[in-house]
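Q: A structural model of the following input is requested.
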Amino acid sequence: MIKGFGVAISLLFLFSGCESSHSQVTTTEHEPITTSERENIDISQEEAPALPAAHNQGEPINIVFAGDIMFEWSLEDTVQQHGADYPFAHVHETISEADYAIANLETAVTDHEVPYEKIYNFKTNIENLEGIANAGFDFVSLANNHTMDYGEEGLMDTIHALEGVSLDYAGAGRNKEDAYAPHTMEINGKIINIFAFSQVLPSMNWYAGEDKPGIASGYQEDRVVDLIREVDEESDYVLVYMHWGNEGEHMPETATRNYAEMMTEAGADAVVGAHPHVLQGFEFFDDQPVAYSIGNFLFPDYVEGPTAETGVLNIELANGEASMSFKPWLIDDDQIVDGGESYQKDIKRFLEEHSFNVAIDGFDIEPE
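A: Sure, this is the predicted structure:
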């Protein structure tokens, strides 16, 4: 447990060799990007006023995670006709009720026209980014294989756009120090650090460098573990959002499970994954939860069956520990909708079969 901020100093040393009912959140923002580079309180038992409820040290903190979001193909027409809030209309309340809400931004936000040479290149506009913010999200991961689909210029445009709509981010930046830094915030008096890394990148050219914009690579496991360990000394809680795994596969590889265990041993209180575009199961390491893939969250209407199965993962932080629950949702006709009781039971059964030594009671996921 910590009582101060030393994160920035530790990281520097390491690299030198919307509208909602959220609790009070104080964040440490990334250093603004210039155009050119594209109380201590004296508390006595008798005299100090009671702390407001939002600062009750025992009050649980609810952090929700959602999977991949993009706005291509059918979604372009849908949001043009109905607006950028439309895809999230049914799930908005669930997202907004959390203390802090996180998703993976699977697209660049740019007008840049020159794509990186690859099969699929995704981009969107700031109006759709506002839809994400209006849905109740506070943070997006930029650590994935699409954030730089339009090169470094597209990445810088994306970061500027995020700053414009007051969405926090991690997992990419104007240089290595910025990209690999966690997002630091305070909720209910607790310091929480959120990392984002990607183990799925099309080229080493996408890696952030000393003076080069790019993504926080998750391939270098020792570096990721060291970063988590450094920040753990200065945090009440450390969360990791990792882009990893194989598309279309419902089970993580052994190497992925080993990596998750390494991160929890280093100090990650919870590890959440995305990229396979389908749901994968859950696991606990010493009671620290891991969700291997929470699937797509908003994708065009070509998704069906397993690729349309999604949900909202809730990580509850309390008394120095993290617990996990998952409510299934469904992508249907360019909206995230409630699939109904029968659908939820089917997803629960599927996730139990694809998890490791967990029991699912209602929406709650517990180690066996």
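
Q: now the helices: where do they sit in the stretch 201-350 of the chain?
A: 221-232, 254-266, 341-353 (DSSP state H, counting those that start in this stretch).

Q: let's have those in TSV, adding mean neighbour count, distance to D301 and mean pLDDT.
A: Yep, even glycine has a C-beta here, placed from its N, CA and C like the rest. Output for the helices of the stretch 201-350 of the chain, formatted as TSV (neighbours: other C-beta atoms under 10 Å; distance: least, C-beta to C-beta, whole Å; pLDDT from 0 to 100):
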stretch	mean neighbour count	distance to D301	mean pLDDT
helix 221-232	19	36	99
helix 254-266	18	30	99
helix 341-353	14	18	98
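
Q: kindly reformat these as TSV containing distance to A84.
A: As requested, those are arranged in TSV below (distance: least, C-beta to C-beta, whole Å):
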stretch	distance to A84
helix 221-232	33
helix 254-266	33
helix 341-353	26
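
Q: measure the closest residue in space to E283 that isn't next to it in sequence to Y241 for me?
A: In space, and not counting its chain neighbours, E283 is closest to F356: 4.1 Å by C-beta to C-beta, 6 or more residues apart in numbering. For F356, the distance to Y241 equals 20 Å [C-beta to C-beta, to the nearest Å].

Q: ditto for Q220
A: For Q220 relative to Y241 (C-beta to C-beta), the value is 17 Å.

Q: could you check which of the two is surrounded by more residues?
A: Between Q220 and Y241, counting by other C-beta atoms under 10 Å, Y241 is the more crowded of the two (27 against 14).

Q: wait, doesn't that one sit right on I194?
A: Yes - the criterion here is C-beta atoms under 8 Å, and Y241 meets it with I194 at 6.9 Å.

Q: so what sits against both of those two?
A: Shared contacts of Y241 and I194, defined by C-beta atoms under 8 Å, 6 or more residues apart in numbering, are found at I102, A170.

Q: mind naming the longest strand for the chain?
A: strand 321-332 (DSSP state E).

Q: and that strand, how far from the chain's centre?
A: How far strand 321-332 lies from its chain's middle: 13 Å, per C-alpha atoms, centre = their mean, to the nearest Å.

Q: parallel or antiparallel, which strands does that strand pair with?
A: Strand pairing for strand 321-332, using DSSP bridges, gives strand 309-318 (antiparallel), strand 335-337 (antiparallel), strand 364-367 (antiparallel).

Q: TSV please, covering the ones you listed and showing distance to K327 and mean neighbour count.
A: Converted to TSV, the strands paired with strand 321-332 look like this (distance: least, C-beta to C-beta, whole Å; neighbours: other C-beta atoms under 10 Å):
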stretch	distance to K327	mean neighbour count
strand 309-318	5	22
strand 335-337	11	21
strand 364-367	10	18
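
Q: in TSV, list those along with distance to A255 and mean pLDDT.
A: Converted to TSV, these look like this (distance: least, C-beta to C-beta, whole Å; pLDDT from 0 to 100):
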stretch	distance to A255	mean pLDDT
strand 309-318	22	99
strand 335-337	31	99
strand 364-367	22	98
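
Q: and these: which comes nearest E117?
A: Of all the strands paired with strand 321-332, strand 309-318 sits nearest to E117, with 30.2 Å by C-beta to C-beta.

Q: residues in contact with the nearest residue to I336 once chain neighbours are set aside?
A: Closest residue to I336 apart from its sequence neighbours, by C-beta to C-beta, 6+ apart: V91 at 4.5 Å. If you count contacts by C-beta under 8 Å, 6+ apart, V91 has them with A135, V312, W329, I336, V337.

Q: one more time with 7 Å, if that's ok
A: By C-beta atoms under 7 Å, 6 or more residues apart in numbering, the residues touching V91 are V312, W329, I336.

Q: nearest to T158, out of the helices of the stretch 201-350 of the chain?
A: Across these, closest to T158 is helix 221-232 (C-beta to C-beta), at 22.3 Å.

Q: what angle separates the closest one from helix 254-266?
A: Angle of helix 221-232 versus helix 254-266, following axes from the mean of the first three to the mean of the last three C-alpha atoms, to 10 degrees, is 30 degrees.

Q: CA atoms only: put helix 221-232 into PDB for me.
A: The C-alpha trace of helix 221-232 is given here as PDB (Å, rounded to 0.1, in the frame of the first residue of the first chain):
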ATOM      1  CA  GLU A 221       7.300 -10.000 -20.900                       C
ATOM      2  CA  ASP A 222      10.200  -9.100 -18.600                       C
ATOM      3  CA  ARG A 223       9.700  -5.400 -19.300                       C
ATOM      4  CA  VAL A 224       6.000  -5.600 -18.700                       C
ATOM      5  CA  VAL A 225       6.600  -7.500 -15.400                       C
ATOM      6  CA  ASP A 226       9.200  -4.900 -14.300                       C
ATOM      7  CA  LEU A 227       6.800  -2.000 -15.000                       C
ATOM      8  CA  ILE A 228       4.100  -3.600 -13.000                       C
ATOM      9  CA  ARG A 229       6.400  -4.300 -10.100                       C
ATOM     10  CA  GLU A 230       7.700  -0.800 -10.100                       C
ATOM     11  CA  VAL A 231       4.300   0.800 -10.100                       C
ATOM     12  CA  ASP A 232       2.900  -1.700  -7.500                       C
END
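
Q: that'll do, ta.
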